[in-house]
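Participant: how would this look folded up:
(one chain, ligands or ions: 1)
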Amino acid sequence: MSTPMATVSINGRRVEAVVGRSLFECADSLEVKVPSSCPRAGTCHECIVQVLSGMDALELRTEEESFLGGDFRLACQARIRTADQDVVAASLRRQQQIVAEGSADLREHWELAPSTRRDGANVVRDGQIIDDYRGAILGLAVDIGTTTVSASLMDLESGATVALTSFENPQTFGGSDVMHRIHYDGQHPGELQRVLVSFLNAELKAMPGDRDQLYEVMVVGNPTMRDLFLGLDVQSLGQKPFKSQTEHDRDAGRASSTAVTRKPKDLGLRMSPAGAVFGAPLIACHVGADAAACILATRLHEAVEPAMIMDIGTNTEVILGNKDRLLCASCAAGPAFEGGKIRYGMSGIEGAIQSVRLRNRHVEISTIGDVQPTGICGSGLIDLIAELVRHGRVNGRGRFTGDAKECVIDEATGITFAESDVQELAQAKGATHAGTSLLLKHFPLPLADLTTLYLAGGFANYIDVDNSRLIGLTPDLPPDRLHKMGNAAAEGAKELLLSVNKRQELDRVVGSIEHLELESDEDFFTYFVEGCLFGEN
Ligand code: FES
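Facilitator: As a prediction, this is how the structure comes out:
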């Protein structure tokens with residue numbers, strides 16, 4: 001009798017496997033790289049995969065997997081139970097589009113004044129000898145987004161960028177938004193931190209340079225992402241008044257700033273033990289160090305005319321102001337525009353549909369890497385919904401106008417876009433619209449007088465601005481007032497890494513920013529509902 005063979009697909013590659021094989025062994029035969037730093041024993045917790053379908057065809061979770069829920073499994077523990085069902089899985093460590101850098105214009109005001117320097121045969125930090133000079137002094141600037149992490153390795157002697165990387169935040173097994181991650185960390189303390197650190201260590205290993213030459217890491221991110229990485233308790237961010245522990249400490253006079261310094265060994269980072277890990281200051285509540293870094297990078301705090309920054313992501317931050325006054329707010333947009341909660345949504349990696357055009361009833365698409373599509377990312381979603389609105393196939397309330405309640409995007413692969421997907425995007429858009437509208441109201445500044453809007457965030461550079469304006473994701477402004485800045489938070493992190501003066505400057509600026517709590521404004525719901533609508537029809 002022949003042995004039953006199951007069909008297993010991982011990251012779009014397919015193999016026939018005998019019952020009893022682990023998903024890790026399947027990945028091996030497919031030459032799909034799955035992270036690991038234990039002998040496949042379930043102890044390193046790095047080999048997490050998401051099972052997209054066929055969970056019932058796998059053996060039940062082992063004890064080692066008790067920290068995982070939902071669709072997530074450890075590849076080394078998940079074994080095929082039956083060949084009756086196909087298994088489709090994806091590894092978490094998937095490279096992004098090249099998104100790590102922001103606009104080159106943002107570097108005009110950089111200065112080289114790092115806290116760690118060479119002094120003859122020594123390495124000194126803040127005037128103290130910390131090590132022998134080992135041929136280079138490196139630093140790492142990290143922007144930790146809820147969905148995407150980007151990191152830049154910098155030469156602290158020359159200011160040059162040595163290497164860049166960007167990858168999906170592997171913490172998705174703890175939920176796709178900050179509230180779920182906070183809850184998860186309360187249930188399984190430290191798991192999210194360990195997984196992200198191990199992924200970052202793997203990236204560092206692949207980068208040039210000796211890890212003993214890495215002396216500084218500068219971290220920016222929203223308060224939850226920053227503090228999870230720094231090993232701080234994040235539970236206070238999940239309850240009113242939604243403040244980080246560091247914000248409570250500053251308010252109570254126990255600290256002068258929300259900036260944090262940690263030792264590498266406390267976090268498990270592969271770098272010089274004499275080094276230091278810095279968390280840039282948070283602004284307030286859910287407006288974090290990434291928004292602060294955007295302000296520094298765009299010099300918004302020195303502007304004469306008021307300008308606005310929209311840092312688009314799972315947690316979209318909006319900042320409005322100039323040298324006299326800065327107002328900020330956090331919009332709980334959720335992960336829809338980064339592909340989360342959308343049936344065929346995905347982040348901007350190879351195979352993602354990045355642009356869409358409708359020609360009569362025909363859908364024209366292009367994918368990242370020019371390969372067969374496996375899903376659709378944020379820029380593709382904006383194009384798609386704009387085209388559906390433009391062609392009258394989706395009405396202003398986000399409903400399909402014909403009998404069909406979904407649109408087939410790619411017949412060959414069966415990728416579709418459903419009315420429920422439109423509603424997810426509507427909610428994300430509504431939250432962002434409420435944020436921009438309320439900041440303008442409180443400043444106060446008529447929209448027509450807003451002469452500069454900086455679009456920041458990993459996928460901001462890939463957005464078609466006409467389409468994003470048509471669907472109301474960005475305010476209705478003339479195109480020449482919109483400036484795509486790319487990952488401005490990552491640029492700000494690099495600037496902070498290279499200069500102690502900029503750290504002091506940012507601390508001063510952050511202390512003067514006013515935070516607006518959107519939900520407590522009487523007009524919040526009106527703006528939110530208004531923002532959920534699409535176009536004019
Ligand atoms: S390989 Fe370490 S937990 Fe699976």
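Participant: Run a quick neighbour tally on the residue of the stretch 351-500 of the chain found nearest the ligand.
Facilitator: Distances between the stretch 351-500 of the chain and the ligand by C-beta to the nearest ligand atom are smallest at Thr374, namely 24.3 Å. No exception for glycine: its C-beta is placed from N, CA and C like everyone else's. Burial of Thr374 is recorded as 20 neighbouring residues (other C-beta atoms under 10 Å).
Participant: check contacts around it.
Facilitator: Thr374 makes contact with Gly12, Met346, Gly351, Ala352, Thr413 under the criterion C-beta atoms under 8 Å, 6 or more residues apart in numbering.
Participant: ranges for the helices of the stretch 151-300 of the chain?
Facilitator: For the stretch 151-300 of the chain, applying DSSP state H, counting those that start in this stretch gives helices covering 178-187, 191-206, 223-229, 245-251, 264-267, 289-298.
Participant: can those helices go into JSON lines with extra columns for distance to Leu498, mean neighbour count and mean pLDDT?
Facilitator: JSON lines is the format used below for those (distance: least, C-beta to C-beta, whole Å; neighbours: other C-beta atoms under 10 Å; pLDDT from 0 to 100):
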{"stretch": "helix 178-187", "distance to Leu498": "29", "mean neighbour count": "18", "mean pLDDT": "95"}
{"stretch": "helix 191-206", "distance to Leu498": "19", "mean neighbour count": "18", "mean pLDDT": "92"}
{"stretch": "helix 223-229", "distance to Leu498": "19", "mean neighbour count": "28", "mean pLDDT": "98"}
{"stretch": "helix 245-251", "distance to Leu498": "23", "mean neighbour count": "18", "mean pLDDT": "96"}
{"stretch": "helix 264-267", "distance to Leu498": "19", "mean neighbour count": "15", "mean pLDDT": "96"}
{"stretch": "helix 289-298", "distance to Leu498": "12", "mean neighbour count": "30", "mean pLDDT": "96"}
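Participant: Mind putting these into TSV with distance to Asp466?
Facilitator: Shown next, in TSV, are the helices of the stretch 151-300 of the chain (distance: least, C-beta to C-beta, whole Å):
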stretch	distance to Asp466
helix 178-187	31
helix 191-206	36
helix 223-229	32
helix 245-251	39
helix 264-267	44
helix 289-298	23
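Participant: can you list the residues of this protein near the ligand?
Facilitator: For the chain, the residues in contact with the ligand (C-beta under 6 Å from any ligand atom) are Ser36, Cys38, Arg40, Gly42, Thr43, Cys44, His45, Glu46, Cys47, Leu74, Cys76.
Participant: if we go to 5 Å?
Facilitator: Counting by C-beta under 5 Å from any ligand atom, the chain comes close to the ligand at Ser36, Cys38, Arg40, Gly42, Cys44, Cys47, Leu74, Cys76.
Participant: neighbour-wise, which of the residues you listed leads?
Facilitator: So for the residues of the chain next to the ligand (other C-beta under 10 Å), the most neighbours sit at Leu74, 28 neighbours.
Participant: Quick check: it touching Cys44?
Facilitator: No: using C-beta atoms under 8 Å, Leu74 makes no contact with Cys44, being 9.1 Å away.
Participant: what is in contact with the two at once?
Facilitator: Contacts common to Leu74 and Cys44, judged by C-beta under 8 Å, 6+ apart, are absent.
Participant: what's near enough to touch Ala170?
Facilitator: No Ala there; residue 170 is Pro. By C-beta under 8 Å, 6+ apart, Pro170 lies in contact with Ile48, Leu92, Arg93, Val195, Leu196, Phe199.
Participant: re earlier: please narrow the residues of the chain next to the ligand to those residing in strands.
Facilitator: Under the assignment DSSP state E, these contribute Leu74 to strands.
Participant: want to throw the residues of the chain next to the ligand into a markdown table with pLDDT?
Facilitator: Output for the residues of the chain next to the ligand, formatted as a markdown table (pLDDT from 0 to 100):
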| residue | pLDDT |
| --- | --- |
| Ser36 | 82 |
| Cys38 | 80 |
| Arg40 | 91 |
| Gly42 | 91 |
| Cys44 | 83 |
| Cys47 | 89 |
| Leu74 | 95 |
| Cys76 | 95 |
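Participant: quick revisit: could you measure from the residue of the stretch 351-500 of the chain closest to the ligand over to Gly339?
Facilitator: In this view, Thr374 and Gly339 are 11 Å apart by C-beta to C-beta, to the nearest Å.
Participant: joint contacts of these two?
Facilitator: Met346, Ala352.
Participant: residues in contact with the closest residue to Thr246 other than its chain neighbours?
Facilitator: Counting by C-beta to C-beta, 6 or more residues apart in numbering, Thr258 is the residue found nearest to Thr246 once chain neighbours are left out, at 4.2 Å. Listed by C-beta under 8 Å, 6+ apart, the contact set of Thr258 reads Ser244, Thr246, Glu247, Asp249, Arg250, Pro281, Leu282, Val510.
Participant: one more time with 7 Å, if that's ok
Facilitator: Taking C-beta atoms under 7 Å, 6 or more residues apart in numbering as the contact definition, Thr258 lies against Ser244, Thr246, Glu247, Arg250, Pro281, Leu282.
Participant: Confirm for me that Ser227 is in contact with His248.
Facilitator: To be clear, residue 227 is Asp; Ser isn't right here. No: contact criterion C-beta atoms under 7 Å: Asp227 and His248 do not qualify, at 11.6 Å.
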